[in-house]
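> Quick one, what's the 3D model for this:
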Amino acid sequence: MNRLFSKLKGRKEGASMISVIIGVVFLAAIGLTILTVATRYVVTVYVDSNSTDNFYQTEGILSEVRTGLLEYAGEASKTAYDNILDNYTKSKSTMKETFAKEYLSLIAEKLKGTSYVWDENKLGVFQACELDRVKKLSTIPDAVTTVSVGGVNLDPGFVINFDTTTGYSLTLKNLLIDYTDASDYRSRIQADIVIRVPDYKFEGDSILDAIKDYIVISDDALTVSTNSLATGTTFTGNVYTGNEETGIKVETQKKATFNSPIIISRGSLDIMTGANVSLSGESGAGDLWLSDINLKEQNSGSGSALSTNFSMNENAYIANDLNISDNNSIVSISGKYYGYSYNKENDASSSEKLLSTYSSAILVNGLNTTLKTDNLDKLILAGRTFVSRNKENGTSAVSDIMMGESLAVKSNQIAYLLPTEYIMAGHNPVADGENMTVDKAKLLGADSDIAQYLDPDEPYTKNYNNVHMYTYFYLNFKDAKSANEYFRHYYEGEEQDEDGDTVNHKEDLEERATTYISTTDDSGMKLSPNLFLIAGNIIHNYYDANGSSIVPDANNSDTTAQSYYDDAGNVNEALLKDGNKIGKEYVSRQLSLLASETTTSMRLSGNDKKDPLVAERIIDFDKVKAAAPVDKTESGVRIHVEPNSINNYQLDETVAKGIYIYGGNVTVKGNFTGLLIAGGNVTVENDFTGLILAGGEVTTVGDRDLKADVILTGDLLEVVKKDDVLASFFQGLNGSAKQDPTKLSECISYQNWVKNEN
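Presented below is the predicted three-dimensional model:
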């Protein structure tokens, strides 16, 4: 029995050992599993961390490239913006479009490394650029490369696109950032970078804000036709016309009243025989910008007894002349009158002779003229009057005959005739076939009292009358100052006539002048002594007892006046510069309605003359003509588009609130309220409220009332902005997607972004 127990005890100890061994093995397996899992986790975390770091570094390289492009964009933006502000009145396109093209061209130059010329034909076309130019934008240039296709790297490049909503943009394409770090971790990011144009607000784009105050803006003339003198046509609101000859015309025996804070025309205001025209602001004086004001005979030589009436209460800026050629005219001037032109650019150093085209004056050529200046606050006449000169063949000469007056009547021309004592024929004019020899030596000799005023090389000039076959001889002065002084000399002198009687020049001139001009006050026409009187001479009461070149008011003892000349004959630079500044503002307003201090010339010339305001800066009529017809009503506004430019449309219906756009001519027969746009002529045969934009002429027929409505027009322009089709017609609108120009970085974004794609 003891032996049996002993054997059993030995077996139990063996089983325990096995159990222990099994347990140890099991625990080892669990430990190994745990260790393996832990090791793999640590390795995974380590790899992911390094991979993520590498990716962030790769993304950072892409960000560096974008930042470099942002610097390019900033430089381009500043340069393009400054250029636009310096030259905006010379640009045919809208300021937004001009800026966009220059801005993107400057960025393209940076990418290509060579000069870049804008080409519309390259829109949407891939253009290669220098990869090294892109590499320089990063501190790790080796990581900057291009997309590979079939093992071959594509060229880097850009595409410039245009979208009616977003406008112009430049997209840098085929860009790949491929970066492997020191630990041999690698990431690849492929992306296009899009550079949009910032939405700057330019002075030129303010045109769309300015037009709200206008009733008529036309690229041709505004003609007032067929109404009664009792009622006439009334314009309330600003007016602009683009015809360079006759800008505004009021036909014979028609009445026109302009209650216009601003009137701008590239041409003249022509008032025909028997018309009645009144100009003023809606309250007080308005601003008037014209080339000339002409009171003209409807039919030359008709001898009409009709009276023509013209009154203006304006700050009038007239580039050339107020020319009263019609008989029986009554002209009333109040406010301020600036005839600011001395020569082409108001430059004292200019060697160019004074020409009538560039010399502001007031001329009275019509008989029985009444000129009222009682309420005139200021008069500036920078130029002088001229006698029109014809060549021997009957054609007009380039230069006319200069007189010594800024304000003169036609009869004063007698003062500038060459005295008969120097003409062999013994009289002036000289008929064809007679002796036309002039004793030049005597005329310039020591005994001549007028030689000091004359051009020694050409002391006289001929003016041919080919109809009556005779020739006038006129004095030719060496300069404007001499013409002025000669007239004073003549005015104070006397001579013997053919009968031996003494003729007092002052009395003779005033007697002759009364045929042309009459005044309503006892002492003749009076001008306040605080006025600027440029050339120094005026009709009627030419000088006071002290020889002053200005007529003082009897109730004002201050006889101080400014002249364009000092005692030495030098031109007053301050007055010249002031006139030059006014002239430049006139050019700016002709091109954009707005004043600008960056205009370079005081004359509209060259390509500027071919730059119509409506058709080039406000409406794109090519897009109108290419559009589909539209007829709908939205938010109570009737929208009607007739793109055909051939048809002459008749608008018979009454329009309560509408936007009507025509490619060609239109006649408005119904009462219209709203915005009317036409590529051709507009004839208004009923009352009109709102704004007319015309690529052609605007003509009013009958007694009409045309009124601007700034709120209405503003509301309708907001409707235009929200309508993609209508917005595309307006040059100043580039769609609804806008960028904040103060956040240029928002204009640069990624497109087609892909990570780690082989």
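> Do a quick rundown of the helices in this structure.
Remark: helices assigned in the chain by DSSP state H are 2-87, 95-112, 131-135, 207-210, 440-443, 480-492, 505-516, 573-592, 613, 621-626, 710-722, 724-729.
> What's the mean pLDDT across the first one?
Summarised as a single mean, pLDDT over helix 2-87 is 71.
> ok, how many other residues are close to Met469?
11 (other CB atoms under 10 Å). In this view, the C-beta of every residue, glycine as well, is placed from N, C-alpha and C.
> these two touch, right, it and Ala431?
Yes. Assessed by CB atoms under 8 Å, Met469 is found in contact with Ala431 at 6.4 Å.
> how near is Leu594 to Ile207?
Leu594 is 7 Å from Ile207, where distance means CB to CB, to the nearest Å.
> Now do the same contact list for Ala305.
Going by CB atoms under 8 Å, 6 or more residues apart in numbering, Ala305 touches Asn328.
> Quick check: the gap between it and Asn327.
Taking CB to CB, one finds Ala305 at 8 Å from Asn327.
> Equivalent analysis for Gly23, please.
Gly23 is 137 Å from Asn327, by CB to CB.
> These two: which is more packed in?
Asn327 (21 against 10).
> correct me, but that one touches Thr370?
No. Counting by CB under 8 Å, Asn327 does not reach Thr370; the two are 11.3 Å apart.
> re earlier: need the winner for burial among the helices of the chain.
helix 613 (a mean of 25; mean count of other CB atoms under 10 Å).
> mind listing what's buried in the longest strand along the chain?
Longest strand in the chain, counting residues (DSSP state E): strand 167-180. By neighbour count on 16 or more other CB atoms under 10 Å, the buried set for strand 167-180 is 167-179.
> quick one, it and helix 95-112 angle?
On the basis of axes from the mean of the first three to the mean of the last three CA atoms, to 10 degrees, strand 167-180 is oriented at 20 degrees to helix 95-112.
> Asp724 is in contact with Thr165, correct?
Yes. With contacts counted by CB under 8 Å, Thr165 reaches Asp724, the gap being 7.1 Å.
> For the stretch 601-750 of the chain, just list every one of the strands.
With DSSP state E, counting those that start in this stretch, the ranges of strands along the stretch 601-750 of the chain come out as 630-634, 637-642, 648-651, 655-662, 665-668, 672-678, 682-684, 688-694, 698-701, 705-707, 748-755.
> Redo those as JSON lines? Include distance to Gln496 and mean pLDDT.
Below are those laid out as JSON lines (distance: least, CB to CB, whole Å; pLDDT from 0 to 100):
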{"stretch": "strand 630-634", "distance to Gln496": "81", "mean pLDDT": "94"}
{"stretch": "strand 637-642", "distance to Gln496": "75", "mean pLDDT": "96"}
{"stretch": "strand 648-651", "distance to Gln496": "68", "mean pLDDT": "94"}
{"stretch": "strand 655-662", "distance to Gln496": "71", "mean pLDDT": "96"}
{"stretch": "strand 665-668", "distance to Gln496": "65", "mean pLDDT": "97"}
{"stretch": "strand 672-678", "distance to Gln496": "66", "mean pLDDT": "97"}
{"stretch": "strand 682-684", "distance to Gln496": "62", "mean pLDDT": "98"}
{"stretch": "strand 688-694", "distance to Gln496": "62", "mean pLDDT": "98"}
{"stretch": "strand 698-701", "distance to Gln496": "57", "mean pLDDT": "98"}
{"stretch": "strand 705-707", "distance to Gln496": "61", "mean pLDDT": "98"}
{"stretch": "strand 748-755", "distance to Gln496": "88", "mean pLDDT": "87"}
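> ok, now which ones touch the residue nearest to Cys129 when sequence neighbours are not counted?
Spatial nearest neighbour of Cys129, chain neighbours left out: Leu111 (4.0 Å); criterion: CB to CB, 6 or more residues apart in numbering. Contacts for Leu111 (CB under 8 Å, 6+ apart) come out as 72, 129-130, 133-134, 158, 172.
> and the two most separated of these?
Tyr72 and Glu130 (13.2 Å; CB to CB).
> how many other residues sit next to the residue lying closest to Glu485 once chain neighbours are set aside?
Excluding the flanking residues, the one nearest Glu485 by CB to CB, 6+ apart is Tyr453, at 6.2 Å. Counted by other CB under 10 Å, the residues lying close to Tyr453 total 23.
> shift numbering so it begins at 742
Okay, residue one is now 742; in that scheme the one you just asked about reads as Tyr1194.
> Now do Tyr1194 against Met1210, distance only.
Distance, Tyr1194 to Met1210, using CB to CB: 30 Å.
> and what of Thr1136?
For Thr1136 relative to Met1210 (CB to CB), the value is 16 Å.
> wait, doesn't Leu1159 sit right on Leu1216?
Yes. Leu1159 lies in contact with Leu1216 (CB under 8 Å); the separation is 5.7 Å.
> can you list residues touching both of those two?
Tyr1201.
> out of the two, which sits in the more crowded spot?
Neighbour count, other CB under 10 Å: between Leu1159 and Leu1216, Leu1216 has more, with 26 against 21.
> can you pull up the bridge partners for that one?
Beta bridges link Leu1216 to Tyr1201 when assigned by DSSP bridges.
> and the closest residue to Arg1344 other than its chain neighbours, what pLDDT?
Nearest non-adjacent residue to Arg1344, counting by CB to CB, 6+ apart: Lys1085, 6.2 Å away. Looking at Lys1085, its pLDDT reads 88.
> My read is that Lys1085 contacts Tyr1099, right?
Yes. Between Lys1085 and Tyr1099 there is a contact at 4.6 Å, judged by CB under 8 Å.
> Looking at the two, which is more packed in?
Neighbour count, other CB under 10 Å: between Lys1085 and Tyr1099, Tyr1099 has more, with 21 against 18.
> Using PDB, list the CA coordinates for stretch 837-848.
Output in PDB follows, covering the C-alpha atoms of stretch 837-848 (Å, rounded to 0.1, in the frame of the first residue of the first chain):
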ATOM      1  CA  LYS A 837     -12.000  97.500 -65.700                       C
ATOM      2  CA  GLU A 838     -11.200  95.800 -69.000                       C
ATOM      3  CA  THR A 839      -8.100  97.900 -69.600                       C
ATOM      4  CA  PHE A 840      -6.800  97.300 -66.100                       C
ATOM      5  CA  ALA A 841      -7.500  93.500 -66.400                       C
ATOM      6  CA  LYS A 842      -5.600  93.200 -69.600                       C
ATOM      7  CA  GLU A 843      -2.600  95.100 -68.300                       C
ATOM      8  CA  TYR A 844      -2.600  93.400 -64.900                       C
ATOM      9  CA  LEU A 845      -2.600  89.900 -66.400                       C
ATOM     10  CA  SER A 846      -0.100  90.900 -69.100                       C
ATOM     11  CA  LEU A 847       2.300  92.000 -66.400                       C
ATOM     12  CA  ILE A 848       1.900  88.700 -64.500                       C
END
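> Now Leu1250: closest residue in space, sequence neighbours ignored.
Leu1250 sits nearest to Asn1153 (CB to CB, 6+ apart), 6.1 Å away.
> I meant Ser1337, not that one.
Ser1329 (4.1 Å).
> now do Ser1048
Using CB to CB, 6+ apart, the closest residue to Ser1048 is Asn1069 (4.6 Å).
> got the contact list for the one you found?
1045-1049, 1107-1110.
> gap between it and Phe1051?
12 Å.
> before we move on, what about Lys1181?
For Lys1181, the distance to Phe1051 equals 45 Å [CB to CB].
> Same question for Leu1148.
Relative to Phe1051, and taking CB to CB, Leu1148 is found at 16 Å.
> neighbour-wise, which of these two wins?
Leu1148 (27 against 22).
> just checking, that one touches Ser1101?
No. Taking CB under 8 Å as the definition, Leu1148 is not a contact partner of Ser1101, at 10.4 Å.
> Next, show the common contact partners of these two.
In contact with both Leu1148 and Ser1101: Leu1122, using CB under 8 Å, 6+ apart.
> Alright, calling it a day.
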